[in-house]
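Undergrad: sharing a sequence plus its predicted fold:
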Amino acid sequence: MSAGVIAKPALARKSMALRGTVRIPGDKSISHRALMLGGLAAGRTRIAGLLEGEDIFSTARAMQALGATVRKEGDTWIVDGVGNGALLAPEAPLDFGNAGTGCRLTMGLVGVYDFTTTFVGDASLARRPMGRVLDPLSQMGVQVTSAEGGRLPVALSGPKTANPVSYRVPMASAQVKSAVLLAGLNTPGVTTVIEPVMTRDHTERMLQAFGANLTVEAGSEGERIIRLEGQGRLTGQDIDVPGDPSSAAFPLVAALIVPGSDITILNVLMNATRTGLIVTLQEMGARIDVLNARIAGGEDVADLRVRSSELKGITVPEGRAPSMIDEYPVLAVAAAFAEGQTVMRGLEELRVKESDRLSAIAAGLKLNGVDCEEAPASLVVHGRPGGKGIGNAVGAAVATHLDHRIAMSFLVMGLASEHPVTVDDTTMIATSFPEFVEVMAGLGASIE
């Protein structure tokens, strides 16, 4: 735990049918980027629907430390930016708490400036690898000082003039891609990112919306080639942040596994790089209806009607992992209630999330009576339709390891299991979905 924070356990028990309509908090990925580009752009950016979670507040504070003005007026966040190339040297280290996305992207944004910026975070963030972002920044001329293994605290000192690079991303990581592109904003010439496997493209879309000269084309082997012309003008925008599909995943799976449930989730981001979980659950037999599909702020958005379903285990295509990497914990919970076995591969990225998520998922499943096999980059879950035997009758708690998605996923499990499911802490849920317990209770979930 972080210093001074007291753990807050919670218990979920078998619930009656979930019913109702909910609106999910704003997408976390888009919220981070809106604050960053708004803070960098010339003029004013207005953001509606911003996720008001601790991770996003860390990014807001960082942008203020770098010279932007960030404030809330009514339901809208107002950001007055400094202009591209005009960030100021922060007077103190930038503390990102648990926000891995905010930290890595800001490293790219400010790392190439001709001053020193220090990055720190909580105990969980300090364990996460930053080398994947630091390596391309070093190629651009940034001097890097870090703790062992490229971990926080990290100090970045930019050169007088950064070098544009052509960087092939070695793993499927939207954070690495985005950090390099953001560094390219203050770099003369053209910065190129080559992405062998497409990842979420919110950075590219939003850079173009703010006026950056950015192009995307397909290479001869199917890779994405993204080119950004540096030192251009960015102009403030009005942004309406759609609901976060990673947060929508929790009431969605809960409605699938709790008998008799019928809920509607409004305003969910349906960007094709983020819908892997929905596609997978539909292949498992989930009754998920996509309603009122529309375009909002350059992104695909829709409402989802979700009804309880008899799920069947499948083998999830390995190539789908980048589009649903954050949803594997709650997919594993859905798989626990499915008929047969569900096989998930290509999960090595889960080892370096807020926790070793793959290990945490497997341990939580086993603690609650679900058979599974964990390998270095895969998980096989053997389902128990109807939830018979699932849960922990003696109240042993799932170890969440400061990971919000582990905590929420196993609380969802408890809503359909024979015995209650307990998690050891819920305080970190505030990083991404502060209203989680309230939203779920409004649908009829029994969480205490």
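TA: Nice, I can see it. Everything quoted here is computed from the prediction, not taken from an experiment. Residues are numbered from 1 along each chain as shown.
Undergrad: gap between the two ends of stretch 321-329?
TA: Distance between the two ends of stretch 321-329: 12 Å, counting by CA to CA, to the nearest Å.
Undergrad: run the chain-centre distance for it.
TA: 9 Å (CA atoms, centre = their mean, to the nearest Å).
Undergrad: check stretch 132-140 too.
TA: Distance, centroid of stretch 132-140 to centroid of chain: 22 Å (CA atoms, centre = their mean).
Undergrad: cool, and stretch 370-378?
TA: The answer for stretch 370-378 is 23 Å, by CA atoms, centre = their mean.
Undergrad: first-to-last residue distance for it?
TA: Stretch 370-378 end-to-end distance (CA to CA) = 16 Å.
Undergrad: what mean pLDDT does that stretch get?
TA: Average pLDDT, stretch 370-378: 97.
Undergrad: buried residues in that stretch?
TA: Along stretch 370-378, these residues count as buried under the neighbour rule (16 or more other CB atoms under 10 Å): 370, 372, 374, 377-378. C-betas here are computed from N, CA, C, even on glycine.
Undergrad: so Thr118 touches Ala155, yeah?
TA: Yes. Contact criterion CB atoms under 8 Å: Thr118 and Ala155 qualify, at 4.7 Å.
Undergrad: could you list the low-pLDDT ranges of the stretch 301-448 of the chain?
TA: Applying pLDDT under 70 to the stretch 301-448 of the chain flags no residue at all.
Undergrad: which residue ranges of it form helices?
TA: Using DSSP state H, counting those that start in this stretch, the helices of the stretch 301-448 of the chain run over residues 328-336, 357-367, 404-414, 436-443.
Undergrad: same thing with the stretch 151-300 of the chain?
TA: Ranges of helices within the stretch 151-300 of the chain are 174-184, 202-209, 245-257, 276-283, based on DSSP H, counting those that start in this stretch.
Undergrad: the third one: which residues count as buried?
TA: Neighbour-count burial for helix 245-257, counted by 16+ other CB under 10 Å, picks out 245-257.
Undergrad: just the angle for that helix relative to helix 328-336, thanks.
TA: 10 degrees (axes from the mean of the first three to the mean of the last three CA atoms, to 10 degrees).
Undergrad: CA atoms only: put helix 245-257 into CSV for me.
TA: Taking C-alpha atoms only, helix 245-257 is exported to CSV below (Å, rounded to 0.1, in the frame of the first residue of the first chain):
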residue,chain,number,x,y,z
PRO,A,245,-15.0,0.3,-22.6
SER,A,246,-12.6,-1.1,-20.1
SER,A,247,-14.9,0.2,-17.3
ALA,A,248,-18.0,-0.8,-19.1
ALA,A,249,-16.6,-4.4,-19.1
PHE,A,250,-17.5,-4.8,-15.4
PRO,A,251,-21.3,-4.2,-15.4
LEU,A,252,-21.3,-5.9,-18.9
VAL,A,253,-19.8,-9.2,-17.6
ALA,A,254,-21.9,-9.0,-14.4
ALA,A,255,-25.1,-8.8,-16.5
LEU,A,256,-24.0,-11.8,-18.6
ILE,A,257,-23.4,-14.1,-15.6
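Undergrad: mean confidence for it?
TA: The average pLDDT within helix 245-257 is 97.
Undergrad: now stretch 51-70
TA: Averaging pLDDT along stretch 51-70 gives 97.
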